[in-house]
Every structure is written in C-alpha cells, then in structure tokens.
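In: Got a predicted structure plus its sequence, pasted below:
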Amino acid sequence: MKKSLENYIRKFVREYKKNHRTITNWQEPIIGYADAHDALFVDMRDKMGKDYQEPTERLASANTVISFFIPFEESTVLSNTSGKIASQEWAFAYVETNRLLNHLAEGIKMRLEKKGYATVLPLGHSFEKEILSKNYFQRQTAYIAGLGTFGINNMLMTARGCAGRYGSVITELKIEPTPRPTEEYCLFKIDGSCTDCADACPNGALTRNGFNENKCVELLQSNQTIFRDLGECSVCSKCVSNARCRFEIPSKSQYEEESEE
C-alpha cells in the first residue's frame, strides 16, 4: 500500500501541470510518515493556538500522518532572489501550489477511503494567530515525519532543499514512521558559518540573533496587497530563494569552496 500511495503522489504532481494548465513547474516530491500519536504533535499546541487539533483529535482511529514536500522548479526559485518584492513567478507558484496541495490531499483521502481507511485533512489553514501559523503547521508536521531539520529561517531543510510547499493527511492506515534525521543540516546551527538566509531578508526580520515575526508579517501583508488579484498570496521567501539550502542540504566543504570563488 505504501509503494502504490507514493507512486500515486509522484504521478499526481508530475501530471498536474498538464491537467490544470498551470504556469508553475515542480520537481519530484518527497514523502514522509509520522506516528499520529507522536508526542511532538502535543508540543505544537502552544504555537498553534486554541483551534489546533492533534491528529487523534481530528480522527480518533488515526495511526499515521502522511507528509509531502513539493519542491519548486529551480527557475521559479531563482526568479525571486533580487529586490524587496516577491517575484510574480514566485507569487503564481505559491497560489498554484496551494491548489495542487489541496487537490492532492483530497485525492489521497479518496484513494485511502476506497481502500477502507478513514482519512481526514488537518486543520492547518484556519488559525487566527498570525499569517505564519498556517505555514508553520505543515513544516512542523513534515519535521515530525522525518523530512528534514529547521534552518534559522524557520524553513525545513529537506534532501531537496527548502524551496517548496508542504501538505499532509491523517489516516488510520498504519505505515512505519520515517526516522527523523539525527544530524543537524543548518550550517549556522552547526558552527555559525552560513548566514545566507538572514543576509537576504529584505525587511530585517531575520538576523543571526533571532527572528522578528511582526516585521516578517508586515512584508507578507505588503506583498499580499501587491498580488491581491491572485487571491491569498502572503509571500516573500527571499530568505529561501537566496539560501544555500534552497535546493539541497549544503555541506561544509561546498560552502567553503563557493566562498573562495
């Protein structure tokens, strides 16, 4: 069941552009699995607020949370490296990828229910607490599902980098949890050697000394106004597009070689 499910997810993403005539292209997704009873889901409550529900509160018979990361095509990421305003290509990618994730989650739900497994979608997009909460929910779920570790920009660094979007579903199908990484991926957290993401923040929200959520939200809301015709589009992600970890997990040797050039 696990193999056929992963084949379905990869095929869905691969064919989405053709089926929906999108502007955006995507790379192959990566998929992870978390135990629905993992204590880390309890720990999310303080961050998410009163409306948050643990997987077993959403579905009493839940056994597994399936998490998936869909990386953007490199050209989309590179289009967003300069200036203070998010690129139009990045804004389109944000909106179209959210639609893809919704369609994919619904497709997984229908597929599993046909096999007899109760499945629900998480309440990841309905919180009153700041714009950032809805994105944090999916990234933290992906972390619990073993997809990567967090950089200082609060993005999850996966084997395919951090430039993309996350989705998840909760199901009673039991799948062995994906082991979480035992090593740190972020070079800044390892030895302070990389500050690419902080250096790229156009509003001073992210620095090597910490993160100012209000400054970040201020810029997200500004870009929402600029791209309001596209719908929900609270975007920026300069800290992602310019990060050394945007496409992969950076190595110390790679960082040193590029710094010397």
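Out: Cool, got the structure. Residues are numbered from 1 along each chain as shown.
In: so what's residue 156 up against?
Out: Contacts for residue 156 (C-beta atoms under 8 Å, 6 or more residues apart in numbering) come out as 69, 139, 142, 143, 147, 148, 149, 150, 162, 166. C-beta here means a position set from N, CA and C on the backbone, and glycine is covered the same way.
In: Mind pulling the model confidence for the spatially closest residue to residue 150 that is not a sequence neighbour?
Out: Leaving aside its sequence neighbours, residue 150 sits nearest to residue 156 (C-beta to C-beta, 6 or more residues apart in numbering; 5.9 Å). Per-residue confidence (pLDDT) for residue 156: 95.
In: Same check on residue 131?
Out: 47.
In: what's the longest helix along the chain packed up against?
Out: For the chain, the helix with the greatest residue count under DSSP state H is helix 88-114. Where contact means 3 or more C-beta pairs under 8 Å, 6 or more residues apart in numbering; DSSP states H and E, helix 88-114 is packed against helix 2-20, strand 64-71, helix 74-78, strand 119-120, strand 164-171.
In: now these as JSON lines including mean neighbour count?
Out: As requested, the helices and strands packed on helix 88-114 are exported to JSON lines (neighbours: other C-beta atoms under 10 Å):
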{"stretch": "helix 2-20", "mean neighbour count": "14"}
{"stretch": "strand 64-71", "mean neighbour count": "26"}
{"stretch": "helix 74-78", "mean neighbour count": "18"}
{"stretch": "strand 119-120", "mean neighbour count": "20"}
{"stretch": "strand 164-171", "mean neighbour count": "25"}
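In: ok, back up a step: now the longest helix of the chain: how far from the chain's centre is it?
Out: 12 Å (C-alpha atoms, centre = their mean, to the nearest Å).
In: likewise stretch 175-193?
Out: Relative to its parent chain, stretch 175-193 has a centroid offset of 16 Å by C-alpha atoms, centre = their mean.
In: end-to-end on that stretch?
Out: In terms of C-alpha to C-alpha, to the nearest Å, the two terminal residues of stretch 175-193 are separated by 38 Å.
In: is it true that residue 137 lies in a helix?
Out: Yes - assessed with DSSP: H, G, I helix; E, B strand; the rest coil, residue 137 lies in a helix.
In: Count residues in the vicinity of residue 99, would you?
Out: 14 (other C-beta atoms under 10 Å).
In: Next, the contact list for it, please.
Out: Going by C-beta under 8 Å, 6+ apart, residue 99 touches residue 20.
In: how close does it get to residue 20?
Out: 8 Å (C-beta to C-beta, to the nearest Å).
In: Chain neighbours aside, what residue packs nearest to residue 214?
Out: Residue 214 sits nearest to residue 205 (C-beta to C-beta, 6+ apart), 7.9 Å away.
In: And that neighbour, how close does it get to residue 245?
Out: 18 Å.
In: and what of residue 51?
Out: Taking C-beta to C-beta, one finds residue 51 at 31 Å from residue 245.
In: what's the neighbour count on residue 115?
Out: Look at residue 115: counted by other C-beta under 10 Å, it has 12 neighbours.
In: contacting residues around it?
Out: So residue 115 contacts 1, 173 (C-beta under 8 Å, 6+ apart).
In: Name the residues of stretch 195-214 that are buried.
Out: 195, 196, 197, 198, 200, 201, 202, 203, 205, 206, 211 (16 or more other C-beta atoms under 10 Å).
In: and if you look at stretch 93-111?
Out: For stretch 93-111, using 16+ other C-beta under 10 Å, the buried residues are 93-98, 100-101, 104-105, 108-109, 111.
In: Which residue in those residues has the weakest pLDDT?
Out: Lowest pLDDT among the buried residues of stretch 93-111: residue 98, 92.
In: Walking through the stretch 151-261 of the chain, point out its strands one by one.
Out: Assigned by DSSP state E, counting those that start in this stretch, the stretch 151-261 of the chain shows strands spanning 156-157, 164-171, 206-207, 210-211.
In: thinking again about what came up before, can you redo the helices and strands packed on helix 88-114 as JSON lines with distance to residue 179?
Out: Compiled in JSON lines, the helices and strands packed on helix 88-114 are given as follows (distance: least, C-beta to C-beta, whole Å):
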{"stretch": "helix 2-20", "distance to residue 179": "15"}
{"stretch": "strand 64-71", "distance to residue 179": "14"}
{"stretch": "helix 74-78", "distance to residue 179": "28"}
{"stretch": "strand 119-120", "distance to residue 179": "23"}
{"stretch": "strand 164-171", "distance to residue 179": "18"}
